[in-house]
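1. Provided below for reference: sequence and predicted model.
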Amino acid sequence: MEAWTRDFQGVRFIHNASRLLPHGARNLGAQHTRARLLVFTDPDIYPRPDWLERLTAAHREFGGVIAGAIECHDGSWLDRGVHLAKFDSWLPAGLPRSTLIAATGNMLCPRDIFEKMGRFPAEHMLGDTLFSWKLVREEVPITFEPRAVVEHDHRSGPGNLLRERFQRGREFGELRSRWEGWSAGRIVLQLGLTLLPFRLTKHLLRTAANAFRARAGLALMTAFPVVVAGATAWLAGEARAYAEAAAVMWKRPGE
């Protein structure tokens, strides 16, 4: 630890007595700095040399929250497929533009906005999604800056991908139905749409559009089964959440 602190004197290591989920750890880190701008990333991320410069420049130009791009670190076909299944919406391509979700793998957020939004929901793995919904509700702009690039190192196989996508899809379904205040009928309708091939097709078309815009069309075609499996697992998780929510609501009298 002494050598580590000597070599990286500008970095502060904070050890919590109990294990925190990622967004709880981010909240803790934010408590230990007085910086006006907060930047969040992940431990399996490799930032490019101009990453912070690009993020801060985008903030000066657009204000609000900045979502940076997430590229795949490894070039294997499997890692590319996993990456497209998880991060197609944040591939480095195109011009700066408005977006609805800022992933904490690459996010800049001014402290005043961070505190106003109540920080990240520490109990959810999709806390950045819920945080982004709050930003949209409060009309705080979220700008995607495709030139502020980090690279994600994927070290998981297809089994881990399917489990994670199912769990995240399930949590997304739970959060979305509660956030938007869906009735039992609306939940059943969404369940039906999720079980039909319409949403899977729409999801894959979006991924394809994002991949070709980022010149990753070959990677998509090579690893297409992985992308399809990831999308299917996510939608299966959503369907599970909607089925469970509908069952609970139908049991309540008067609802």
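-> Sure, I can see it.
2. all contacts plus neighbour counts: C-alpha atoms, from now on.
-> OK.
3. Give the other helices and strands that the host helix or strand of residue 201 contacts.
-> If you go by DSSP states H and E, residue 201 is part of helix 197-213. For helix 197-213, the elements it packs on are helix 77-87, helix 217-222, helix 224-251, judged by 3 or more Cα pairs under 8 Å, 6 or more residues apart in numbering; DSSP states H and E.
4. List the pairing partners of whichever helix or strand comes after the first one within its sheet, with orientation.
-> The one in question is helix 77-87. Next helix or strand after helix 77-87 toward the C-terminus (DSSP H and E): strand 97-98. Each strand paired with strand 97-98, and its direction, by DSSP bridges: strand 142-152 (antiparallel).
5. Okay, angle between the next helix or strand after the strand it pairs with and helix 224-251 too, please.
-> Going down the chain from strand 142-152, the next helix or strand is helix 158-179, by DSSP H and E. Calculated by axes from the mean of the first three to the mean of the last three Cα atoms, to 10 degrees, helix 158-179 forms an angle of 40 degrees with helix 224-251.
6. buried set for helix 158-179?
-> Buried positions in helix 158-179, judged by neighbour count with 16 or more other Cα atoms under 10 Å: 161-162, 164-177.
7. Tell me which residue lies nearest the centroid of this protein.
-> residue 103 (3.8 Å; Cα atoms, centre = their mean).
8. That residue and residue 225: what is the separation?
-> According to Cα to Cα, to the nearest Å, residue 103 stands 25 Å off from residue 225.
9. Contacts only, for residue 27.
-> 119, 120, 122 (Cα atoms under 8 Å, 6 or more residues apart in numbering).
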